[in-house]
Every structure is written in structure tokens, then in C-alpha cells.
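In: structure for this input, please:
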Amino acid sequence: MQRTIYMARLFGLIGYPLTHSFSKRYFSEKFEKEGLTDCAYELFPIESIDQLPALLQQYPELTGLNVTIPYKEAVMPYLHRLNPEAAAIGAVNTICIANGMLTGYNTDAHGFRISLERFLKSNQKLISGALVLGTGGASKAVTWVLHQMQIPFILVSRHPKPGQIHYQDIQKELLQQYPLVVNATPLGMAPKVQECPPLPYHLLTPNNLLYDLVYNPEYTRFLQQGMEMGCYTSNGLEMLYLQAEKAWALWNACATTEYKPKP
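Out: Model (predicted):
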């Protein structure tokens, strides 16, 4: 396959599959609006994370990468360094590339915290606890933020490990004690819009708040069923914008300061 020749700075997204990507449209429009003619953003749907070294060799002009499902954890052994926050979270969604060094960051946590704080403030809610659906890389960023905000949480999984619960364990009392429910799974994401986490939606009340990290469609089946029960809801679009801008700031900071070659 003949590769496209890029100019000074190339950015991109790795994951698989990449059928519905916010990132390419967002950054391409950003570059055009800001007159950044030396920047480009591309999608790199690699079927296995062990294809990353070959990708980097094929595109030496790569300056930064976003990382999405299913590689937020799997990519970590391929990095030279980890930002302390990303190391504590245990997942990476942003990579800075400079002087042959790959450094991993987690901007999901940044985006989720600001978005969640605004969501809670707008609904004037003090949260006693949260149920976090899913245990993958996105879930790790969510739970790290909840820990920082001192909000107790329980992880919910179809295959729970010790300290986690199954969806079948969710009862009315638990939803009262942990009124915030965060979907950190890809269930409901386009094109599989009819999917949703197997919650007992009939037990939800207007005291529950549902936050979905999925942003496409705007109202997932998870959120729709919550709205039918009178719940406050929010999708992941604001979080996505926030994490993207944080990634852009990191890429520029790495290029100008962090990896300046020694004289």
C-alpha cells in the first residue's frame, strides 16, 4: 500500500475498529480553522497492538497518537515513559512522540472530571456513591477520578472479579446508595445502537444520574431508559472535547519543551 506523504506534524488514532471516529473530524477541522497547514490527522485501525512499532516506522513524522478501544491498557508496554497520573490510572489514551521517545498520558481523566463536576453542579446533586459499568481502560480513568473526588464506587461487570459485582446484584437499595451510574463500556455505540448495559432500569428513580461515556448516538439506549424513569442524564461528548484539547496541549508541550535535544 502506498503511503500518503505528510508535512511536518502527523497525528492519529489507533484502535480497532475505527468505524466512527470523532478525533479525525475534530482535529482536521481544528487544523483548518487555525490555519495549521503543516498538521494532519489520520486513522490507524491496527488489528493488533503489536503492529504499533511497524506503524511508527512507516510514519516517522508521527508526533502524537490518541488511543482507543481496545488498546488503552495493551499499549503501555510499548511506551518508553508513563506520566505519573497515567501510571496510577493504569491506562493510556494519549501518546507524545519526540526524539524517538513515546510517553503515555491519560487525558480521559481530565475530561471526565471536569465534565462530571459540571454535570453534578448543574443538577445540584451531592453524590453518595457511583456504580461504574465496565472494567476496561475507560473505566480505570473513571474510577481514578471518583477516588480523587472522594466518591465511593462499585465496579459492575458481566464477569466480576473479587471486589466487583454482577449486574444481577444490582437492587433498589444499591441504586439508592450509589445513585450515579456511569457507563464505561462501549455498549450502545453506533452502529449497535440497540445495545445497552443489562441494568434493572425499572428500579431507577429521579434520584439517579446516568452518565454515558458513549457519545454516538447522542442519546444511547442506556440514557433513553434512564430518561424514561426521570433520571438526570449526560453523554460523553463534552468529556471527548475536553480530553482532545488536553491531548493537543500535551502534544505541543512535548514538542517544544519536554524533549528538547541537549546541546
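In: so which elements touch the helix or strand containing residue 120?
Out: Assigned by DSSP states H and E, residue 120 falls within helix 108-122. Applying 3 or more Cβ pairs under 8 Å, 6 or more residues apart in numbering; DSSP states H and E, we find helix 108-122 packed against helix 137-148, strand 209-212, strand 232-234, helix 237-253. Using the backbone N, CA and C atoms, a C-beta is placed for each residue, glycine as well.
In: what's in contact with the last one?
Out: Residues from elsewhere that reach helix 237-253 (Cβ atoms under 8 Å, 6 or more residues apart in numbering): 11, 22-23, 26-27, 30, 63-64, 66, 93-94, 96, 105, 107-108, 110-112, 114-115, 118, 213, 215, 218.
In: report the buried residues of it.
Out: 237-244, 246-248, 250-251 (16 or more other Cβ atoms under 10 Å).
In: and which of the residues you listed is nearest to residue 143?
Out: residue 239 (14.7 Å; Cβ to Cβ).
In: tell me the buried residues within the contacts of helix 237-253.
Out: Those of the contacts of helix 237-253 that meet the buried threshold are 11, 22-23, 26-27, 63-64, 66, 93-94, 96, 105, 107-108, 110-112, 114-115, 213, 215, by 16+ other Cβ under 10 Å.
In: quick check, residue 188 in contact with residue 220.
Out: Yes: with contact defined as Cβ atoms under 8 Å, residue 188 reaches residue 220; the gap is 3.6 Å.
In: which one's more surrounded, the two?
Out: Per other Cβ atoms under 10 Å, whichever of residue 188 and residue 220 has more neighbours is residue 220, with 28 against 23.
In: need the contact list for the more buried one.
Out: 183, 188, 189, 193, 196, 212, 214, 235.
In: and residue 188, by the same measure?
Out: 195, 196, 197, 212, 214, 217, 220, 221, 222.
In: restricted to strands, list those residues.
Out: Mapping the contacts of residue 188 onto strands (DSSP state E) picks out residue 212.
In: which of the contacts of residue 188 sits closest to residue 55?
Out: When the contacts of residue 188 are compared for distance to residue 55 (Cβ to Cβ), residue 214 wins out at 26.4 Å.
In: any weak-confidence spans in the chain?
Out: 1-7, 20, 257-263 (pLDDT under 70).
In: rewinding a little: now distance to residue 204 too, for the contacts of residue 220, in CSV please.
Out: Shown next, in CSV, are the contacts of residue 220 (distance: Cβ to Cβ, whole Å):
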residue, distance to residue 204
183, 13
188, 16
189, 21
193, 20
196, 12
212, 14
214, 18
235, 17
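In: now do the strands in the protein.
Out: 9-15, 39-45, 62-67, 81-82, 94-98, 101-105, 130-133, 153-156, 180-183, 209-212, 232-234.
In: nearest to residue 122 among those strands would be which one?
Out: The nearest among those, by Cβ to Cβ, is strand 232-234 at 8.5 Å.
In: who does the closest one pair up with?
Out: Applying DSSP bridges to the sheet, strand 232-234 is found paired with strand 209-212 (parallel).
In: which residues does the strand it pairs with contact?
Out: By Cβ under 8 Å, 6+ apart, the list of residues contacting strand 209-212 from outside reads 116, 119-120, 123, 125, 127, 179-183, 188, 204, 220, 222-223, 226, 231-236.
In: selection in ChimeraX covering whichever of these are buried, please.
Out: Applied in ChimeraX, the following selects the buried portion of the contacts of strand 209-212 according to 16+ other Cβ under 10 Å:
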select :116,119,120,127,179,180,181,182,183,188,204,220,222,223,226,231,232,233,234,235,236
